[in-house]
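> I would like the atomic coordinates for the input below:
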Amino acid sequence: MDEKSLLHTLTKVVNTLAAADIDFAVAGGCAVYARGGPSSDHDVDVFVREADVRAAQRALVDAGMRPEEPPEDWLTKVYDGDVLVDLIFRPNYRPQLDDVLDRAERMRVGPALAKVVTGTDLMVDKLLVLDAHRCDFTPLLTIARDLREQVDWDRVAVETAESPYARSFLTLLEALSIADTADTADTAEAERTAS
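Residues are numbered from 1 along each chain as shown. Below you'll find the model as predicted:
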């Protein structure tokens, strides 16, 4: 899938959800792109409250997209032709989506103007996906370098402290002088093991 198709779908999603008065924020690869990182060619990720997810899906279907019900219990999907749109209401099972949406910032994403998750929330989300089956740091290094001045690395360390993969990645960033989280990560780890 090419960048042009992805941006066309993103514009359609943004305009449709805004017209339906549904609060949302662009996340994932499109948010990385909006914040100056590499372009995405994968899918469109949108964070939306669980209470709004069915209305969001209906609005997008009414705009010509095709619904799909995935087995996962934290998102639903629609397709705009071949372009996948994930409507995520429980990212990484984090309960504080309201806070993430409140912190999102209006910015341009290609031709669209939309709320985009902060660099900090984006990195937290990306790091919490890491596990034994998804542990490729290469694309994350590029994102971390490109977004480093937009990220509160101390908050990322605290919010991802339960993940050994995230802690390992933050250690790598520290060694490469991309981020300085050593003291915060050590404190968060000590608090996590003490509880």
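
> Okay, and E72 sits in which element?
Using DSSP states H and E, E72 sits in no helix or strand.

> For stretch 21-39, C-alpha coordinates in CSV please.
Extracted C-alpha coordinates of stretch 21-39, given in CSV (Å, rounded to 0.1, in the frame of the first residue of the first chain):
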residue,chain,number,x,y,z
ASP,A,21,-18.7,14.9,16.6
ILE,A,22,-16.7,11.9,17.9
ASP,A,23,-13.6,12.7,20.0
PHE,A,24,-10.6,10.8,18.6
ALA,A,25,-6.8,11.0,18.2
VAL,A,26,-4.6,9.8,15.4
ALA,A,27,-2.2,7.2,16.7
GLY,A,28,0.3,4.6,15.4
GLY,A,29,2.3,5.2,12.2
CYS,A,30,0.3,8.1,11.0
ALA,A,31,1.0,9.9,14.3
VAL,A,32,4.7,9.2,13.9
TYR,A,33,4.5,10.7,10.4
ALA,A,34,2.6,13.8,11.7
ARG,A,35,5.3,14.3,14.3
GLY,A,36,8.2,14.2,11.8
GLY,A,37,9.0,10.5,11.8
PRO,A,38,9.1,8.1,8.9
SER,A,39,6.0,7.7,6.8
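
> ok, and what's touching whichever helix or strand D98 is part of?
Secondary structure from DSSP H and E places D98 in helix 97-103. Among residues not part of helix 97-103, those counted as contacts by CB atoms under 8 Å, 6 or more residues apart in numbering are 23-25, 47, 49-50, 89-91, 94, 115, 117-118, 120-121. For every residue, glycine as well, the C-beta is placed using N, CA and C.

> One more pass at 10 Å, please.
Contacts to helix 97-103, defined as CB atoms under 10 Å, 6 or more residues apart in numbering, come from residues 23-25, 27, 47-50, 52, 88-91, 94, 96, 115, 117-118, 120-122, 124-125.

> Check the average confidence over stretch 110-118, would you?
Stretch 110-118 comes out with an average pLDDT of 92.

> Would you mind listing the buried residues in it?
G110, A112, A114, K115, V116, V117, T118 (16 or more other CB atoms under 10 Å).

> Understood, closing this out.
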